[in-house]
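Student: give me coordinates for this.
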Amino acid sequence: MTKERRRLKLAIQGAVQGVGFRPFVFRLATELELSGWINNTGAGVTIEVEGQAERLREFRRRLETEKPVHSALYSMEVSELDPAGYASFEIRESEGGAKRAVILPDLATCEPCRAELFDPADRRHRYPFINCTNCGPRFSIIEALPYDRPNTTMKRFEMCPACQAEYEDPADRRFHAQPNACPVCGPHVALWDNQGSVVAAREEAIRQACDRVRNGEIVAAKGIGGFLLLVDARNDGAVKRLRRLKDREEKPFALMFPTLAQLEEQCQVPEAEKRLLLSAASPIVLLPRLSTAPSVIARAVAPGNPYLGVMLPYAPLLLLIMSELGFPVVATSGNLKDEPICVDEREALGRLGAMVDCFLVHNRPIVRPIDDSIVRLLAGREAIMRRARGYAPLPLTLSDTGATVLAVGAHLKNTVALAAGPQIVLSQHLGDLETPEALDGFEKAVSALEDMYQASPEMVACDLHPGYESTRYARRLDAPVIAVQHHYAHILACMAENEVEGPALGVSWDGTGYGLDGTIWGGEFLDVDEASFSRAAHLRTFPLPGGEQAVREPRRSAMGVLFELFGAGAFGMRDLAPVQAFSEADLRLLEGALSRGINSPRTSSAGRLFDAASSLLALRQRNSFEGQAAMELEFACAEVLADDGYSFELCRREAPDKSILIDWGPAINDLIEDIRAGTDPGLMAARFHNGLTEAVVAVAKEIGREKVVLSGGCFQNRYLAERTISRLTQEGFRPYWHQRFPPNDGGISLGQAVAAIRAKGGK
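Tutor: Numbering: from 1, shown residues only. The predicted model follows:
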């Protein structure tokens, strides 16, 4: 057993007060020789527990399986933090002051409700809106606080005497369950054709919708947070048709399996991932495919991808559909490209009518669109890639925010955040602000947060980029605006959720961020102290021919890199894939643009450097979705064991800034040499990743900060993240990475809020 001590922080919401939960936790922690504390909060309990890793895992397992009979864990967010040195375990006094209004996320159907759903003797047998105090819709139906039925979309459904009796009985599982309903008094489903005519109702509607899926049709089903598009995942033609109609060329689709057993026939499902799939959050989990079993999944679901994004049915309607079908389905967001997920059936009819064959609708209104969350395991910990259903809007609690701040996030993968009192509340994932519909959804999310918490922001935090729609929105508001540098926001978000104080070295790698000097940053090392930051190091810059067009065409990033190294000679390197990817005429245009600096902004972007390497290895010349080339470079490493890496050289600049430049030139030269030698592409991909990892370690040694914080979209790359974490740990550093909030731009609003609080003098 490892002697290394670790600390877990568990923020638990649920029925955990007045049921013997704190004494139970005290006894369990004491038995396992763990130290720390537990106290009651306005929403549940907070636990900090410290000890050996194996005993902490046992604590988590037994916490859920042996909890007091009358307790219920609605949600549990877990973070691993640095040890605090607690000497014993204690029950602390409850938090004083007024209770905070904590809104729970939408929760997957609990086991007792699942049993009733399929029990022919139960009065809610096959009722698609079954729920209780432990499960069901929350955030998606709340219109205002407090969370009482008149403030939800269930207000139109008057409870029948039987439901009312349950609601009023303290001994009943449905005591004060605000969405409580049954077939007599609650919402119902109907099946519409794609013209809006009713085809069937109630049980028959579900049966006919399943028949349509079996026949290869596309069914739009109204779920908890909006519409899902369902097709048979085994039917390659049906999946390709959905791709064509949704204008989604290659980006992987999410899958829903009827049972865990069927999922395990297609994917590797370690214990930690299994726990995620079965949790109350029930997110999409990224799992490696099994290579030893024949796949029933159509190739068009995730072409060329060794991972599948999978989930289990989490709502009663989905449980009924999947039990009826008995096979996996594609379950993707019901929206058009760059638009929010549809939540209203009439809206869906107008926006999706030309795409789908029928609509399975219901008459319980949805207040706000909420996508499915996406989670993967990184370095043994849960890491949220998209934070939405099951997680939003659970807050991050600080010692004191010191201000009421609205943070409006980034342009891509947008979320918004509200800091008030000791909490920062993040919205659900809102998506890219590329269309009028997306902007409308963004503005509604801002208004909803302010209205829900009755908060009037003293400050508005936004990105430094003047062209972001979120920045323009912030400038129109009647409040002081604080513009926060993009990569600084990334690092502050990671520091906040890991409870890390400066000084620390932040490694912020992504595709694009507006720099303090007006150039495109993206391969940044920030020296962060208690108040601000300095740019300690960055990747060598190179030109991006075509600017934004290079994001869609990795071959352009590669040509920028080659031109930076070889000048006009790059265009004569006809044996290299990116040069071959252009016509003679296009090469002449590129050479002219690069030589004259026309529409070729310089960037230090790590994301674009990954694109360039992918292009050079002939893996991807054009992206059909964001990050595709970098993903394929990561996947190429999967079956390779390589300890050596290409050389990234560190160059110390002269005064006045004395920052470090990481020169990728030697690495690219090594890569080209290997390409010409016919080296295995997987080995070259691994050497490229390994070289970047060693560059991080080398900079960390130069800067001399013990704490190293990893953030930005590049650290969604599992190979890069895990190797960097491992190497930093081996060299005596303390690495930190994201757990509860996304490393990509979905976490930017959190970092912006923290920056604004810092600027005002809060903590």
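
Student: who touches the closest residue to Thr603 other than its chain neighbours in this structure?
Tutor: Distances taken as Cβ to Cβ, 6 or more residues apart in numbering place Ile520 nearest to Thr603, at 3.9 Å, with adjacent residues excluded. C-beta: built from backbone N, CA, C; applies to glycine. The contact partners of Ile520, by Cβ atoms under 8 Å, 6 or more residues apart in numbering, come to 512-514, 544, 601-605.

Student: list only those of those residues flagged as buried.
Tutor: 512-514, 544, 601, 603-605 (16 or more other Cβ atoms under 10 Å).

Student: mind checking which of these land in helices?
Tutor: If you go by DSSP state H, these have nothing in helices.

Student: minimum pLDDT in those, which residue is that?
Tutor: Least confident by pLDDT among the buried ones among the contacts of Ile520: that is Thr512, with 93.

Student: if I pick it, what's in contact with it?
Tutor: 520, 522, 551, 603, 605, 607.

Student: worst-scoring helix or strand of the protein, pLDDT-wise?
Tutor: Least confident helix or strand of the chain, by mean pLDDT, DSSP states H and E, is strand 72-81 with a mean of 83.

Student: partners of that strand, with directions?
Tutor: strand 5-15 (antiparallel) (DSSP bridges).

Student: average pLDDT across the strand it pairs with?
Tutor: Mean pLDDT, computed over strand 5-15, is 86.

Student: same thing with stretch 630-643?
Tutor: 89.

Student: start to end distance for it?
Tutor: Start-to-end span of stretch 630-643 (Cα to Cα, to the nearest Å) is 20 Å.

Student: what does it contact?
Tutor: 304-306, 607, 610-611, 613-614, 617, 619-620, 680-690, 714, 717-720.

Student: which of the residues you listed fall in helices?
Tutor: 607, 610-611, 613-614, 681-690, 718-720.

Student: and the contacts of Thr512, which is closest to Ser624?
Tutor: Nearest to Ser624 among the contacts of Thr512: Val551, at 12.1 Å, using Cβ to Cβ.

Student: nearest to Leu360, of the contacts of Thr512?
Tutor: Using Cβ to Cβ, Val551 comes nearest to Leu360 of the contacts of Thr512, at 36.8 Å.

Student: which one of the contacts of Ile520 is nearest to Ala280?
Tutor: The nearest member of the contacts of Ile520 to Ala280, counting by Cβ to Cβ, is Gly513 at 34.6 Å.

Student: okay, now the closest residue to Leu433 other than its chain neighbours: neighbour count?
Tutor: Leaving aside its chain neighbours, Leu433 sits nearest to Glu469 (4.3 Å; criterion: Cβ to Cβ, 6+ apart). Using other Cβ atoms under 10 Å, the number of residues around Glu469 comes to 18.

Student: i'd like the first residue to be 338 from this point on
Tutor: Yep, numbering from 338; the last one is Glu806 now.

Student: and stretch 797-811, how far out from the chain's middle?
Tutor: With Cα atoms, centre = their mean, to the nearest Å as the basis, stretch 797-811 stands 22 Å off its chain's centre.

Student: residue contacts, the most centrally placed residue in the chain?
Tutor: Closest to where the C-alpha atoms of the chain average out (Cα atoms, centre = their mean) is Arg723, at 1.8 Å. Remark: with contacts taken as Cβ under 8 Å, 6+ apart, Arg723 is in contact with 621, 708-711, 750, 766, 1079, 1083.

Student: please report phi then psi for it.
Tutor: Backbone torsions of Arg723, given as degrees, to the nearest 10, read phi -140, psi 120.

Student: next: the one 5 residues further on.
Tutor: The phi and psi values for Tyr728, taken as degrees, to the nearest 10, are phi -120, psi -50.

Student: for the helix or strand containing Arg580, what is the average pLDDT?
Tutor: Assigned by DSSP states H and E, Arg580 belongs to helix 573-583. Mean pLDDT, helix 573-583: 97.

Student: for whichever helix or strand comes after it, list every residue counted as buried.
Tutor: Downstream of helix 573-583, the first helix or strand assigned by DSSP H and E is strand 591-593. For strand 591-593, a neighbour-count test (16+ other Cβ under 10 Å) marks 591-593 as buried.

Student: can you check stretch 834-842 too?
Tutor: The neighbour-count check on stretch 834-842 (16+ other Cβ under 10 Å) flags 834-837, 839, 841-842 as buried.

Student: what does stretch 529-544 give?
Tutor: 529, 531, 536-537, 542-543.

Student: any regions of the stretch 888-1037 of the chain where pLDDT drops low?
Tutor: Low-confidence segments of the stretch 888-1037 of the chain, defined by pLDDT under 70: 991-994.

Student: show me where it has helices.
Tutor: 891-903, 914-917, 921-933, 943-953, 965-973, 1002-1013, 1018-1040 (DSSP state H, counting those that start in this stretch).

Student: of those, flag the one that's most buried.
Tutor: Mean neighbours per residue, mean count of other Cβ atoms under 10 Å, is largest over the helices of the stretch 888-1037 of the chain for helix 943-953, with a mean of 29.

Student: off-centre distance for that one?
Tutor: The answer for helix 943-953 is 23 Å, by Cα atoms, centre = their mean.

Student: stretch 624-642 now?
Tutor: The mean C-alpha position of stretch 624-642 is separated from the chain mean by 22 Å, Cα atoms, centre = their mean.
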